[in-house]
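Visitor: Structural data only, the sequence is not supplied:
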Ligand code: FEO
Ligand code: CA
Ligand code: CA
Ligand code: CA
């Protein structure tokens, strides 16, 4: 029984037990369908998926690989043809060639394989149609708004660093036009109806950093994790822009937040230099009361930072073409800040085990340190352009707080409080590395934590905030865990929070990546307010080798992106670790899944 009564509204389902099943396991009474898989045709003329005869041309018209971020946007009556009622936008973070190509030789990829990988990266826009009687969702192929953006689609660089000498290349001497987007992890949906997407681990695509001798360049490459000789995928053998000895600046043209207008399939997507360059996990916008756009962003690296951007201009509410143009320029101009946190408890009470300090909470205050605003730099010794292109180094100089891998960040639409997933940091407290602090209180942090902060006066533009840890993740039986003060014998174990979203009741939903508790990754819901605050409940688990991404919780359904199923050391097409979703004998395929209550009620009611 449940001595503390029923779960919070929206979370009334029987939690799924931790498990290692090679499938998506959902609560009793729930059903699921595959919305779309890697390789399904979405553009006119694209062929059906045939992994033995895959081509770059086919892939460029098909759903990409490794779906991460998901969002659903409304379709106006003008665009509702073919039964479509919403527009799904998905990120394709990276390719896993050994699971995509039979007989793949990592030392000798073929040109076709490389070009397939270019076409499998990027973003997909796909119209979807909800089934009337169930929560099932289906892709609508060949819808006029369907679009693929890949590693070769032209992008425009915008904002204060566009055109900078740091961004100029042989192919683009003006420094304003980039081909493609890479490693798009999570993202956000803007109040003006566009999609933001974070370019995350772009470092892995660039070769021959070890041959760069100029000490200043070598230092910037190192700070961004660009190292070594040949790149993992050897793209440099097929396009010299990926070779740092041939094209020193191409690497500066990745690591940005990109913005896509999904309602205009002919629009040129943009890379926003005003939002800084780092390993962008995601970008989550909100509006201040007076209409300024504020974007929260995490830099997913051990001991890196989280940031916010505040736009100079305010959003227009109208729907004219001029209003839309105006809103699409909101992220071109503003101020970029980085977070510095101060703990409230005496430092000696933070012992690295996760034991709560005497005042019973990991908490404190924070400041937003400005780094640059338009052409003005606030960082000594760096120009504004340098701050935008080498944002990590600017934040180092500003003395920002080194966090445990900031992933997704999202404000609660109910309370305005903001939640930051800090996924893990096994280097915390290691020899020569920063030790525990009140916001990152565990040494060798395997399971991560969720930080909650409130902007001063609940104003997204505020320069200061207060914070506390909402969850210190792990096995609830481990004394170094904390679940918002909720009794720990009644919560689901959770490890490595990554993506976050909210349902209409203000519950926080967290998906995980890299569960270190021996079970597969999953999706969890947790109340953030009221008597059930901190009651983590597991909603689903994903197949072998997969991480759970892109959660979206609508009234009737939950949507998740099952990213990199079957990605297990040593696995290949010939020796698969998973055959999800189509069963033995088929290629394992990343896919988007919808889950809904069988009885037609709303999720968690
Ligand atoms: Fe692509 Fe930070 O996860
Ligand atoms: Ca405290
Ligand atoms: Ca992520
Ligand atoms: Ca992650």
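Guide: Looks like it came in fine. Note that the coordinates shown come from a computational prediction; the quantities given were computed from them, not determined experimentally. Ligands and ions are numbered 1, 2, ... in the order given.

Visitor: Please tell me the pLDDT value assigned to the residue sitting nearest the centre point of the chain.
Guide: The C-alpha lying nearest the average C-alpha coordinate of the chain belongs to residue 186 (C-alpha atoms, centre = their mean; 2.0 Å). For residue 186, the pLDDT comes out at 98.

Visitor: Identify the residues contacting it.
Guide: 68-69, 91, 197-198, 281-282, 407-408, 498-499, 549-550 (C-beta atoms under 8 Å, 6 or more residues apart in numbering). Every C-beta, even on glycine, is put in place using the N, C-alpha and C of the backbone.

Visitor: could you say which helix or strand contains it?
Guide: Using DSSP states H and E, the element containing residue 186 is strand 184-189.

Visitor: hang on, the earlier thing: closest one of the contacts of residue 186 to ligand 4?
Guide: residue 498 (4.4 Å; C-beta to the ion).

Visitor: Chain neighbours aside, what residue packs nearest to that closest one?
Guide: Spatially, and ignoring its direct neighbours in sequence, residue 498 is nearest to residue 513 (4.1 Å; C-beta to C-beta, 6 or more residues apart in numbering).

Visitor: In contact with whichever residue of the chain sits closest to ligand 4: list those residues for me.
Guide: The chain approaches ligand 4 most closely through residue 513 (3.8 Å), counting by C-beta to the ion. Residues in contact with residue 513 (C-beta under 8 Å, 6+ apart) are 407, 423, 496, 498, 521, 547, 548, 549.

Visitor: Next, format those residues as TSV and append pLDDT.
Guide: Formatted as TSV, the contacts of residue 513 follow (pLDDT from 0 to 100):
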residue	pLDDT
407	98
423	98
496	98
498	98
521	98
547	98
548	98
549	98
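
Visitor: same for ligand 4: which of the residues you listed are within range?
Guide: Contacts with ligand 4 within the contacts of residue 513, as defined by C-beta under 5 Å from the ion: residue 498.

Visitor: Run through the contacts of residue 513 and flag the ones next to ligand 1.
Guide: 407, 498 (C-beta under 6 Å from any ligand atom).

Visitor: Which ChimeraX command selects the buried ones in the contacts of residue 513?
Guide: To isolate the buried ones among the contacts of residue 513 in ChimeraX, judged by 16 or more other C-beta atoms under 10 Å, type:
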select :407,423,496,498,521,547,548,549
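
Visitor: Closest one of the contacts of residue 513 to ligand 1?
Guide: Using C-beta to the nearest ligand atom, residue 407 comes nearest to ligand 1 of those, at 4.9 Å.

Visitor: wouldn't that closest one be in contact with residue 300 here?
Guide: Yes - with contact defined as C-beta atoms under 8 Å, residue 407 reaches residue 300; the gap is 5.5 Å.

Visitor: between those two, what contacts are shared?
Guide: With C-beta under 8 Å, 6+ apart, residue 407 and residue 300 have common neighbours 281, 423.

Visitor: rewinding a little: now check the strand holding residue 186, is it near ligand 1?
Guide: Yes - shown here: strand 184-189 in contact with ligand 1 (C-beta under 6 Å from any ligand atom) through residue 185.

Visitor: what does the stretch 501-605 of the chain put close to ligand 4?
Guide: Proximity of the stretch 501-605 of the chain to ligand 4, by C-beta under 5 Å from the ion, involves residues residue 513.

Visitor: picking that back up, model confidence at the residue of the chain closest to ligand 4, what's the number?
Guide: 98.

Visitor: I'd like the numbering to begin with 503 instead of 1 from here.
Guide: Got it, first residue is 503 now, which makes that one residue 1015.

Visitor: For beta bridges, what are the partners of the closest residue in space to residue 906 that isn't next to it in sequence?
Guide: In space, and not counting its chain neighbours, residue 906 is closest to residue 927: 3.6 Å by C-beta to C-beta, 6+ apart. For residue 927, the beta-bridge partners are residue 947 (DSSP bridges).

Visitor: show me the contacts for residue 927.
Guide: Listed by C-beta under 8 Å, 6+ apart, the contact set of residue 927 reads 804, 805, 905, 906, 907, 942, 947, 950.

Visitor: What subset of the residues you listed is buried?
Guide: The buried subset of the contacts of residue 927 - by 16+ other C-beta under 10 Å - is 804, 805, 905, 906, 907, 942, 947, 950.

Visitor: quick check, nearest of the contacts of residue 1015 to residue 534?
Guide: Using C-beta to C-beta, residue 1050 is the member of the contacts of residue 1015 that sits closest to residue 534, with 13.2 Å.

Visitor: Which helix or strand contains that closest one?
Guide: strand 1049-1055.

Visitor: hmm, back to that, check the contacts of residue 688 and tell me the two furthest apart.
Guide: 699 and 1000 (15.4 Å).

Visitor: So which residues on this protein come close to ligand 3?
Guide: So far as C-beta under 5 Å from the ion goes, the chain lies against ligand 3 at 687, 1000.

Visitor: now the chain, which segments are flagged as low pLDDT?
Guide: 503-507 (pLDDT under 70).

Visitor: Tell me where it has helices.
Guide: Applying DSSP state H to the chain gives helices spanning 558-561, 599-602, 613-622, 717-725, 823-829, 886-891, 893-900.

Visitor: Out of these, the one nearest ligand 2 is which?
Guide: Evaluated with C-beta to the ion, those place helix 893-900 nearest to ligand 2, the distance being 24.3 Å.

Visitor: what does the closest one contact?
Guide: Outside helix 893-900, the residues that touch it by C-beta under 8 Å, 6+ apart are 722, 725-726, 778-780, 801, 806-807, 809, 838, 840, 842, 871, 873-874, 879-884, 888-889.
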